[in-house]
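Enquirer: heads up, no residue letters with this:
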């Protein structure tokens, strides 16, 4: 017990500046924290309501014909696939945060073409082919209380997108034709194929307001079946978000000039003691100096590796002097490879199944380095 006490006293004597400086800094930090936390908030907590809406709409356009002259086709109807020229889909987004905040936002629009197979049983549908394409991606930040992205292609999130059903239908027909040919090659009697195809057009808006801990995302879009003669567009996904965040009042302490000066002065004094300790205790590392000298002198003969040298497949021969490794390298025409990190410097030359190595351990004492 006595030895431990004397040992602790010895350590304190050796590092008294570090101990004293640390005590100064810790004591001032505690005093400042106690002073600030004893104050009463002057404002009541603020409740922020964030409301976001992911808005989508569509129009279906027919090819020119005498039976359906009106374009776009009224949205309350089901649509004839063979008459459909293209579908226009609009995406927009709006959000209100109640007060101005730093808001990070991102936007991704993509399409997915899916071919599925049905067994005819409830829930017996399996995806057999899927192809996804990203058609738009944007991200930015702003300081505002409101976000309002319109369904126009102006470089902002949202926009107007044209979906050509014929291109997807051609892919689906090619799939069916290939399937039928494969059945014929395999000698399989074709039954009911039960394949269906649909297009998913999806828009994802994400908003992040770090100051109130808000991180919300909404994905919404349309499902468009194209393997039936008559189809309609089905809205999918979430319409947005509606959430609240309670922000506590900031604790503010008004300090007079004398108090500020006293706190800052004592903290600087403590930091000065810590800095003096490290300046006094830092000595040049002779091992690192030796390694640096070798590297500088023989840099043209050395290959440097960022990764540690793998010697697992060789018989290692440790050398006591770099000059021995250098002579070996020159006489046999072998390269010297060096890996240098914070712990050691290792120089190696590979000859057949042998790895001749010279290592410098940076943790060696000054006497051990000078004796080498």
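Expert: Now that the structure is in, tell me what you want to look at. Fair warning: this is a prediction, and the values are worked out from it, not measured in the lab.
Enquirer: Bridged to residue 143, which residues?
Expert: Per DSSP bridges, the residues bridged to residue 143 are residue 102.
Enquirer: residues contacting it?
Expert: By CB atoms under 8 Å, 6 or more residues apart in numbering, the contact set of residue 143 is 100-103. The C-beta positions use only the backbone N, C-alpha and C, and glycine is treated the same way.
Enquirer: Could you tell me which of those count as buried?
Expert: The neighbour-count test (16 or more other CB atoms under 10 Å) marks 101, 103 as buried among these.
Enquirer: From the contacts of residue 143, pick the one nearest residue 207.
Expert: Among those, residue 103 lies closest to residue 207 (CB to CB), at 5.9 Å.
Enquirer: May I see the buried residues of stretch 288-306?
Expert: Going by 16+ other CB under 10 Å, stretch 288-306 has these buried residues: 288, 290-291, 294, 298, 302.
Enquirer: What's the mean pLDDT across that stretch?
Expert: Stretch 288-306 shows a mean pLDDT of 88.
Enquirer: what's it in contact with?
Expert: Contacts for stretch 288-306 (CB under 8 Å, 6+ apart): 322, 326, 329-330, 335-340, 345, 347, 360, 362, 369, 372.
Enquirer: again, 7 Å this time
Expert: 322, 326, 329, 335-340, 345, 360, 362, 369 (CB atoms under 7 Å, 6 or more residues apart in numbering).
Enquirer: got the contact list for residue 245?
Expert: 48, 50, 212-214.
Enquirer: okay if I get those residues as TSV plus secondary structure, distance to residue 139 and pLDDT?
Expert: Formatted as TSV, the contacts of residue 245 follow (DSSP: H, G, I helix; E, B strand; the rest coil; distance: CB to CB, whole Å; pLDDT from 0 to 100):
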residue	secondary structure	distance to residue 139	pLDDT
48	strand	23	87
50	strand	19	93
212	helix	19	89
213	coil	20	89
214	strand	16	92
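Enquirer: Can you turn the buried part of these into a PyMOL selection?
Expert: Restricted to buried positions by 16+ other CB under 10 Å, the PyMOL selection for those reads:
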select buried, resi 48+50+212+214
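Enquirer: of all the contacts of residue 245, which comes closest to residue 224?
Expert: Closest to residue 224, out of all of the contacts of residue 245 and judged by CB to CB, is residue 50, at 31.5 Å.
Enquirer: quick one: the closest one from residue 91, how far?
Expert: Relative to residue 91, residue 50 is positioned 20 Å away (CB to CB, to the nearest Å).
Enquirer: tell me which element residue 132 is part of?
Expert: strand 125-149 (DSSP states H and E).
Enquirer: starting at the chain centroid, how far to the helix or strand following that strand?
Expert: Once strand 125-149 ends, the next helix or strand along the chain (criterion: DSSP H and E) is strand 159-163. Averaged C-alpha coordinates place strand 159-163 at 29 Å from its chain's average position (CA atoms, centre = their mean, to the nearest Å).
Enquirer: So residue 337 belongs to a strand, correct?
Expert: Yes. Using DSSP: H, G, I helix; E, B strand; the rest coil, the assignment for residue 337 is a strand.
Enquirer: coming back round to it: could the contacts of residue 143 be laid out in a markdown table, adding pLDDT?
Expert: Shown next, in a markdown table, are the contacts of residue 143 (pLDDT from 0 to 100):
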| residue | pLDDT |
| --- | --- |
| 100 | 92 |
| 101 | 92 |
| 102 | 94 |
| 103 | 95 |
